[in-house]
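**Student:** Make a model of this:
(2 chains)
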Amino acid sequence: EPEVTQTPSHQVTQMGQEVILRCVPISNHLYFYWYRQILGQKVEFLVSFYNNEISEKSEIFDDQFSVERPDGSNFTLKIRSTKLEDSAMYFCAIILGRINYGYTFGSGTRLTVV
Amino acid sequence: GESVGLHLPTLSVQEGDNSIINCAYSNSASDYFIWYKQESGKGPQFIIDIRSNMDKRQGQRVTVLLNKTVKHLSLQIAATQPGDSAVYFCAERNNAGNMLTFGGGTRLMVKP
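**Tutor:** The predicted structure is shown next:
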């Protein structure tokens, strides 16, 4: 069973529409991250979320983006008005807290904006 | 700005040979480095990590070397197998925060 589950695995949306991407960790965590990867490019940091607050965010994470943890377990990334350039793989990540501090990534949501 | 980058975009090796994937970083404040493997359509998979107070760390068939003098990181894979074929990313963490900065990736192709 994966440590981090993301839904949906693939979403197609029209430009200007709102999308919500969901992340469900297998156990309770305090630190959550969202990263994105445009096709063929490197993985880019979007935002980190600690103790129900944004702790860091990148330049990519503008006013169109928001994150929340609505029910204490699910962790969501919302894009209010999608643009064509938002098409990418979006990965949720957690820190397992083990000795190696390795960040564990989910399998991702492929967002396609048409 | 500071960034993490890779020397070779594609590396092709024969099955059974050793592979070496390189990464250059420029942020001297980074204190932690990770190598990830990414297969098509999947998320990055943790391979091995190393802290800045170490020069070398070994795992199962993999070794990471860190040279802080020249800001260079490498991943060595022993006896490369077809299942090792993937894109490999190095990532660094700035000691001022928890975000990871990824390199551009190297595609490893293993020929049978």
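**Student:** beta partners for residue 12?
**Tutor:** Picking chain A for this. residue A:112 (DSSP bridges).
**Student:** could you do chain B instead?
**Tutor:** In beta-bridge terms (that is, DSSP bridges), residue B:12 pairs with residue B:109.
**Student:** repeat for residue B:51
**Tutor:** residue B:32.
**Student:** surely it meets residue B:31?
**Tutor:** Yes - in this structure, residue B:51 is within contact of residue B:31 by C-beta atoms under 8 Å, at 6.5 Å. In short, each C-beta sits where N, CA and C put it, glycine included.
**Student:** Spatially central residue in chain A, please.
**Tutor:** Among the residues of chain A, the one closest to the centroid is residue A:34, at 3.5 Å (C-alpha atoms, centre = their mean).
**Student:** Give the other helices and strands that the helix or strand of chain A with the lowest mean pLDDT contacts.
**Tutor:** Of all helical and strand segments in chain A, the minimum by mean pLDDT, DSSP states H and E falls on strand A:103-105, at a mean of 87. Helices and strands touching strand A:103-105, by 3 or more C-beta pairs under 8 Å, 6 or more residues apart in numbering or on different chains; DSSP states H and E, are strand A:88-95, strand B:45-51.
**Student:** ok, and the closest non-adjacent residue to residue B:102?
**Tutor:** residue A:43 (4.3 Å; C-beta to C-beta, 6 or more residues apart in numbering or on different chains).
**Student:** again, but for residue B:99
**Tutor:** residue A:45 (4.5 Å).
**Student:** List, one by one, the residues from chain A near chain B.
**Tutor:** Residues of chain A that fall close to chain B, judged by C-beta under 8 Å from any C-beta of the partner chain: A:31, A:33, A:35, A:41-45, A:48, A:55-56, A:58, A:89, A:91, A:95, A:100-108.
**Student:** circling back: my guess is the residue nearest to the centre of chain A meets residue A:77, correct?
**Tutor:** Yes - counting by C-beta under 8 Å, residue A:34 touches residue A:77, with 5.0 Å between them.
**Student:** Need the residues touching each of those two.
**Tutor:** Residues within reach of residue A:34 and of residue A:77 at once, by C-beta atoms under 8 Å, 6 or more residues apart in numbering or on different chains, are A:21, A:23, A:46, A:47, A:67, A:90, A:92.
**Student:** These in helices, which ones?
**Tutor:** Assigned to helices by DSSP state H, none of the shared contacts of residue A:34 and residue A:77 qualify.
**Student:** May I ask which of those residues has the most neighbours?
**Tutor:** residue A:92 (28 neighbours; other C-beta atoms under 10 Å in any protein chain shown).
**Student:** Would you agree that one is in contact with residue A:6?
**Tutor:** Yes - between residue A:92 and residue A:6 there is a contact under C-beta under 8 Å: 5.5 Å.
**Student:** In this structure residue A:17 contacts residue A:82, no?
**Tutor:** Yes - counting by C-beta under 8 Å, residue A:82 is a contact partner of residue A:17 at 5.7 Å.
**Student:** These two - which one has more neighbours?
**Tutor:** Taking neighbours as other C-beta under 10 Å, residue A:17 and residue A:82 compare with residue A:82 leading, 21 against 12.
**Student:** Excluding chain neighbours, what is closest to the more buried one?
**Tutor:** residue A:113 (4.6 Å).
**Student:** how close does that neighbour sit to residue A:72?
**Tutor:** According to C-beta to C-beta, to the nearest Å, residue A:113 and residue A:72 sit 30 Å apart.
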